[in-house]
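A.B. asks: Task: produce atomic coordinates for the following.
(4 chains)
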Protein chains: 2
Amino acid sequence: MDAKENLIVSTQELLWERGYVGMSPKAIQQKAGAGQGSMYHHFSGKAALALAAIERSAAEMQAQADSELSLQGSALAQISAYLQREREVLRGCRMGRLAQDPDIIANEALSLPIANTFTHLQQRLTEVLLQGQKNQEFQIDFNATDLATMIVSALQGGYVLARAENSDASFKRAINGLLHMLSTLIRT
Amino acid sequence: MDAKENLIVSTQELLWERGYVGMSPKAIQQKAGAGQGSMYHHFSGKAALALAAIERSAAEMQAQADSELSLQGSALAQISAYLQREREVLRGCRMGRLAQDPDIIANEALSLPIANTFTHLQQRLTEVLLQGQKNQEFQIDFNATDLATMIVSALQGGYVLARAENSDASFKRAINGLLHMLSTLIRT
DNA sequence: GTCTATAAAACGATAGAC
DNA sequence: GTCTATCGTTTTATAGAC
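C.D. replies: Modelled structure (predicted):
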C-alpha cells in the first residue's frame, strides 16, 4: 500500500487516540510500518503530517453529517438521524478532542479545519431547523442558530462525559434529553 | 509561601493550560519557583502531583456549582445562575479537558475525581429539576435525569466549540439555546 | 523512496551534598 | 527541605548511503 497514504491514516488514528501533544513521530512510523526516511521524505515534519490528517478527518466528519442531514423527512427526522448514528462514543470526537490540545490551538493552520468543521455543522443544522420552521413543523418559536449550536454542544459534551466516566450511559442520556426537548417543539 | 502548596496550585494551572501529557515537571517547577529537589521531596513524581492538583480542582468545581444550585428561587433560576456564571470560556473546562488526555484516562486514580465531578453535577441538577417538578413549576413532563445530563453536556460542548473557534460566541449561543428550551417547559 | 547513523534537546527521575 | 549533578530514555529531527 501507498506509504504516504498509510502515514496519513495512521496519524488520523493516533490523533484520535492520543492527540497531537501525546503523539510521537516514532509512534506514527511504527503504526504505519514506515521508516523515518519515508516519513520525512513525504512530510516536512510532525506538524505537516498532522495537518494532512486533520484535514482528512474534518472532510470525513462533514461529509458524514451532511449525508444524515440530507435524508428525506422532517427536520426532527434529519436531526434524529444525525444524533442517533452509531458512534464509538468512548473514543470521543476526533475533532472535539483536538480542540483541547495546546499545540493545536496555538497553531492557526492546525486549528482551522477544526473550527471550520464545527462552523459547518452549526450552519447545516441551522438550515435544517429553518426549513422545519418554514414548513410549520414546530408549534413553539425558537432561534434556529442558537438551537443548532446547542445541539452540536450537547453532542460534544456527551462525548466528554462518556470519556470522563468511561461509560456511554451519560452520552445516551444527553441524546435522550435533547431529543425529548426537540420533540416538545413539534406541532402535534 | 508554602512550597508544596505552590506546586499544587501551579500544577492546577498547567493541567488547565496544557493537560497532563503536555505538562513537564520542569514547567511545574519553574511556575512554582521550586527546584527539582523540592518537588520530588513533596511528591513521588508527576502523577502524584497531578493527582493532588486534580482532586483540588474537582473539589473547587463541585463547591462552586453546589453554591449556585442552592440559591433561593425556582429550579430555572438556580440552573440559570449556574449556566450564566461568569466563566473564562476560552480556557475551557478544567475537568472536561482532562477527560481527553490519554494518560489521565488510562490511569484510574487520576480519572476518578473527574468522573466523580461530572456524576456529582448531574446528581445536583437532577435534584433541582425533581424539586421543580414537585413544586409544579413545569407544564411539560420530562425525565429529570436525562435533562440534567443534557444540561451538563451542553455546557461542556460549549467549551469545546469556544476553544475550537477561538471565540466565546458559540458558547453563548449554546447557553441561550439551552435556556430558551428550558423556559418553554415552564408553567406560565 | 527508503534505509541507517547520528544528534541536540527535553523528559522524568535519582543521588548525594548541604 | 532544597540544591546541584547526573542518568537513561524519548523526542524530533538531519545527513548521507543505497
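
A.B. asks: For A:Met1, give me the pLDDT.
C.D. replies: Reading off the confidence values, A:Met1 has pLDDT 75.

A.B. asks: separation between it and A:Glu55?
C.D. replies: Going from A:Met1 to A:Glu55 by C-beta to C-beta, to the nearest Å gives 20 Å. In this view, the C-beta of every residue, glycine as well, is placed from N, C-alpha and C.

A.B. asks: More neighbours: which of those two?
C.D. replies: The neighbour comparison of A:Met1 against A:Glu55 (other C-beta atoms under 10 Å in any protein chain shown) goes to A:Glu55, with 17 against 8.

A.B. asks: isn't that one right up against A:Pro113?
C.D. replies: Yes. Using C-beta atoms under 8 Å, A:Glu55 is in contact with A:Pro113, at 5.0 Å.

A.B. asks: Now for chain A: which helix has the highest residue count?
C.D. replies: Counting by DSSP state H, the longest helix found in chain A is helix A:108-134.

A.B. asks: helix or strand right after that helix?
C.D. replies: Later in the chain than helix A:108-134, the nearest helix or strand by DSSP states H and E is helix A:144-165.

A.B. asks: angle of that following helix against helix B:108-134?
C.D. replies: Interaxial angle, helix A:144-165 versus helix B:108-134 (axes from the mean of the first three to the mean of the last three C-alpha atoms, to 10 degrees): 130 degrees.

A.B. asks: Show me what helix A:144-165 is packed up against.
C.D. replies: Packing contacts for helix A:144-165, counted by 3 or more C-beta pairs under 8 Å, 6 or more residues apart in numbering or on different chains; DSSP states H and E, involve helix A:75-83, helix A:94-98, helix A:108-134, helix A:169-184, helix B:94-98, helix B:108-134, helix B:144-165, helix B:169-185.

A.B. asks: check whether the third one contacts chain B.
C.D. replies: By that I understand helix A:108-134. Yes. Against chain B, helix A:108-134 shows contacts by C-beta under 8 Å from any C-beta of the partner chain at A:Ser111, A:Ile114, A:Ala115, A:Thr117, A:Phe118, A:Thr119, A:Gln122.

A.B. asks: ok, of those residues, which come out buried?
C.D. replies: Burial by neighbour count, judged by 16 or more other C-beta atoms under 10 Å in any protein chain shown, picks out A:Ser111, A:Ile114, A:Ala115, A:Thr117, A:Phe118, A:Gln122 from those.

A.B. asks: Can you tell me how far the residue nearest to A:Ala162 when sequence neighbours are not counted is from DNA strand D?
C.D. replies: Spatially, and ignoring its direct neighbours in sequence, A:Ala162 is nearest to A:Phe171 (4.3 Å; C-beta to C-beta, 6 or more residues apart in numbering or on different chains). Per C-beta to the nearest atom of the strand, to the nearest Å, A:Phe171 is found 30 Å from DNA strand D.

A.B. asks: Verify the stated contact: A:Phe171 with A:Gly92.
C.D. replies: No. Using C-beta under 8 Å as the test, A:Phe171 is too far from A:Gly92 to be in contact (10.2 Å).

A.B. asks: So for these two, which residues contact both of them?
C.D. replies: Among the neighbours of A:Phe171, those also in contact with A:Gly92 (C-beta atoms under 8 Å, 6 or more residues apart in numbering or on different chains) are A:Tyr159, A:Ala162.

A.B. asks: Against A:Leu14, how distant is the residue in chain A positioned nearest to DNA strand C?
C.D. replies: Residue nearest to DNA strand C within chain A: A:Gly37 (1.8 Å; C-beta to the nearest atom of the strand). Distance from A:Gly37 to A:Leu14, counting by C-beta to C-beta: 19 Å.

A.B. asks: Those two - which one has more neighbours?
C.D. replies: Neighbour totals were compared for A:Gly37 and A:Leu14, and A:Leu14 leads with 23 against 9 (other C-beta under 10 Å).

A.B. asks: The more buried one - nearest residue in space that isn't next to it in sequence?
C.D. replies: Nearest-residue entry for A:Leu14: A:Met23, 4.5 Å, with adjacent residues in sequence omitted and distances by C-beta to C-beta, 6+ apart.

A.B. asks: For burial, what's the neighbour tally of that neighbour?
C.D. replies: Neighbour count for A:Met23, taken as other C-beta under 10 Å: 25.

A.B. asks: what's the answer for A:Gln84, then?
C.D. replies: 13.

A.B. asks: same check, this time on A:Lys134
C.D. replies: Neighbours around A:Lys134, by other C-beta under 10 Å: 9.

A.B. asks: and it, what is it in contact with?
C.D. replies: Taking C-beta under 8 Å, 6+ apart, we find A:Lys134 in contact with no residue.

A.B. asks: gap between it and A:Ser74?
C.D. replies: In terms of C-beta to C-beta, A:Lys134 sits 12 Å off from A:Ser74.

A.B. asks: what do you get for A:Ala50?
C.D. replies: 39 Å.

A.B. asks: Same check on A:Ala164?
C.D. replies: Distance, A:Ala164 to A:Ser74, using C-beta to C-beta: 34 Å.

A.B. asks: Neighbour count: those two, which is higher?
C.D. replies: Taking other C-beta under 10 Å, A:Ala164 and A:Ser74 do not tie; A:Ala164 has more neighbours (25 against 15).
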